[in-house]
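Peer 1: A structural model of the following input is requested.
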Amino acid sequence: MGQSDAKSIEAEQTERRLSPEIEQKILRTIARTDFGSIEVVVHDGKVVQIECREKIRFVRVEPGRRNAIRQIRQPG
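Peer 2: Numbers count the residues shown, from 1 in each chain. All right, here's what the predicted structure looks like:
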């Protein structure tokens, strides 16, 4: 690979980097989601949409049955 090829690859990678604003929005969305999924929609190499599906789980305590969600959230 020649030097000009390396420069064009480097330029393309620089073009495709996320802007700090979009990167922060994605990270904030992940941080505030307890259960669910986040989808980042890309068109022509650019982020155009962030979709967030959040699951709300209700803890149902049944006598004699251990609760997996409570076990995960308890420290230690």
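Peer 1: show me where pLDDT drops low in the protein?
Peer 2: 1-3, 5-15, 62-76 (pLDDT under 70).
Peer 1: all helices in the chain, in order from the N-terminus.
Peer 2: Under the criterion DSSP state H, the chain contains helices at 3-15, 20-31, 68-73.
Peer 1: thinking Val47 is in contact with Ile38, fair?
Peer 2: No: if you go by C-beta atoms under 8 Å, Val47 and Ile38 don't touch, sitting 11.9 Å apart. Using the backbone N, CA and C atoms, a C-beta is placed for each residue, glycine as well.
Peer 1: shared neighbours of the two, which are they?
Peer 2: Counting by C-beta atoms under 8 Å, 6 or more residues apart in numbering, the shared contacts of Val47 and Ile38 are Ile26.
Peer 1: who's in contact with Val47?
Peer 2: The contact partners of Val47, by C-beta under 8 Å, 6+ apart, come to 18, 22, 26, 40-41.
Peer 1: just Ile56 next, same as before
Peer 2: Phe35.
Peer 1: List phi and psi for it.
Peer 2: With angles defined as degrees, to the nearest 10, Ile56 sits at phi -110, psi 120.
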